[in-house]
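K.L.:
give me a model of this one.
(one chain, ligands or ions: 1)
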Amino acid sequence: ATPAAERSDLASQLLHALDKEAPLLSAESFPDSNYTDLKAALDRLASRSMVQYEAIQREEVYLEAEGELIATHGSHEARVFEALRAAVDGLTIQELEKTIGDKNISKLGQGKAFRDKWITKTKDGKLKAVADSIHDAAREQLLSIQTSRTVSDPKALADLKKRKLVRVQKVIDFKINKGSEFALEIPEEATDLTAEMLATNAWKTATFKPYNFQALGAEQRSGALHPLNKFYTSDPMTADMPSDHTHWDDVKAVHQDGKYGSIGYRYPWSKDEALRLVLRTHTTSVSASILHKLAATKGPDGRPPPARYFSIDRVFRNETVDNTHLAEFHQVEGIIADYDLTLGGLMAMGITGLQYKPAYNPYTEPSMEIFAYHPGLGKIVEIGNSGMFRPEMLEAMGLPKDMRVYGWGLSLERPTMIRYGINNIRDLLGHRVDLSSVQRNPAVRLGKA
Ligand code: PHE
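P.N.:
From the prediction side, this is the model:
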């Protein structure tokens, strides 16, 4: 039977026992039931006012291992006496020890048996039983404790405890009485009020299961913010307005209403949003700022000269961390600005075995995600993103119409994983990096490669 069924059995047994005799003492009427089951059954009945009960604490005396031994085989002195009585000619001390099988018991038993005049020493040095019969009071006391679980004389109890023959244990009994709703059967109880009960009017006569306000309830799992998440700034500091207002106004116009042939995003551009200082999700902000500077640079022909720029820096993303994603990583970004560049130049940049997938970036068109094969993971993983910067972005910064800029942002970590056979990005960056695995990686022995 399930524990619940056993408990309901016990509840019904309790009701029947109470019907015959009240009040009841659980120790007498249900000596074999354990405390938890009994309390659960009683609480169930008490919550329905079918019984009432109180808990009574008392002490019980239990035999320790040595006490058990004496209760079964007799006291040490009695064992010495019995062994000698069985040997008509008496026994030497060594023979006695052998018969009893325990040097210590034999020694302790002799002393007491001598004092009680149960045994004596013969002229030839042997030990002999002299009493006709003995009364093994120590054993009898322990046997009586085994059944009564009490010792009436406190001094005797203290002595037994001191000799480590018994221990005292606290037990709880229940004194049980009939309650105002006492009955032999627990009425059938509804746990829920159902639509059917409402429709049939059954709710009027139904007995509802009482709420158990003592129940601990199911453990609630609640959301929690990792302390580092509180990093995130809900109220970030704001940047100063840029001194160059033309650029500011042009950017606003491109976003909100469209300009330079673009129809724009047509949303209300927010100055406050633009000035928020937040952790950047990519280094393209660095590229944009450098392009703005390039626009103001005059080459030999008075126009911005062709240029190449690179940056390597840390970026932050709201990612679910896994084998290939971290919330922080490094980006290696490159941009090339020149007159009459084409997408083909971007795609043939010297790294082979790459694959491209059309993508969308608000600042490049076309845009392409860059993929490479990771042999360890056995699949193609994204290693970066790229594209031709849009004219409405470049012109807003003051770059000439025929200057083309393309760029790419590679994650530093993903290509490194591919190159050095690392399957988990967390082994490469972050708090879980195992320094010994860095030592073991063959890459560290390959110099600059
Ligand atoms: N900013 C893009 C990213 O983080 C990368 C990129 C850089 C794309 C430059 C185009 C041009 O994914």
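
K.L.:
and the pLDDT for the residue nearest the centre of the chain?
P.N.:
Against the mean C-alpha coordinate of the chain, by Cα atoms, centre = their mean, the closest residue is Arg221 at 11.3 Å. With respect to pLDDT, Arg221 scores 83.

K.L.:
give the helix, strand or coil label for it.
P.N.:
Assigned with DSSP: H, G, I helix; E, B strand; the rest coil, Arg221 falls in the coil class.

K.L.:
now do the contacts for it.
P.N.:
Residues near Arg221 by Cβ atoms under 8 Å, 6 or more residues apart in numbering: none. (Each C-beta comes from the backbone N, C-alpha and C, glycine too.)

K.L.:
give me the residues contacting stretch 146-163.
P.N.:
Counting by Cβ under 8 Å, 6+ apart, 60-63, 66-67, 71, 141, 145, 166-168 sit against stretch 146-163.

K.L.:
which of those fall within strands?
P.N.:
Residues of the contacts of stretch 146-163 located in strands (DSSP state E): 60-63, 166-168.

K.L.:
Leu91: neighbouring residues, count only.
P.N.:
21 (other Cβ atoms under 10 Å).

K.L.:
residues contacting it?
P.N.:
83-84, 99, 126-127 are the contacts of Leu91 under Cβ under 8 Å, 6+ apart.

K.L.:
for the ligand, state which of those residues is nearest.
P.N.:
Thr99 (92.3 Å; Cβ to the nearest ligand atom).

K.L.:
mind checking which helix or strand the residue lying closest to that closest one once chain neighbours are set aside is in?
P.N.:
Leaving aside its chain neighbours, Thr99 sits nearest to Ala83 (4.6 Å; criterion: Cβ to Cβ, 6 or more residues apart in numbering). Per DSSP states H and E, Ala83 falls inside helix 76-86.

K.L.:
Pro358: what secondary structure?
P.N.:
strand.

K.L.:
what of Ile134?
P.N.:
Under three-state DSSP, Ile134 comes out as coil.

K.L.:
what about it, how many residues nearby?
P.N.:
For Ile134, using other Cβ under 10 Å, the count is 19.

K.L.:
residues contacting it?
P.N.:
78, 81, 116, 118.

K.L.:
show me the contacts for the second one.
P.N.:
Residues in contact with Phe81, defined by Cβ under 8 Å, 6+ apart, are 109, 113, 118-119, 129, 131, 134.

K.L.:
switch to 7 Å and redo it
P.N.:
Shown in contact with Phe81 (Cβ atoms under 7 Å, 6 or more residues apart in numbering): 113, 118-119, 129, 131, 134.

K.L.:
give me the beta-bridge partners of the nearest residue to Leu42 once chain neighbours are set aside?
P.N.:
Nearest residue to Leu42, sequence neighbours excluded (Cβ to Cβ, 6+ apart): Tyr53, at 5.1 Å. Judged by DSSP bridges, the bridge partners of Tyr53 are Ile176.

K.L.:
touching, Tyr53 and Lys175? I think so.
P.N.:
Yes - using Cβ atoms under 7 Å, Tyr53 is in contact with Lys175, at 6.4 Å.

K.L.:
of the contacts of Phe81, just the buried ones, PyMOL syntax please.
P.N.:
Here is the PyMOL command that selects the buried residues among the contacts of Phe81 (16 or more other Cβ atoms under 10 Å):
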select buried, resi 113+118+119+129+134
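
K.L.:
fine by me, thanks again.
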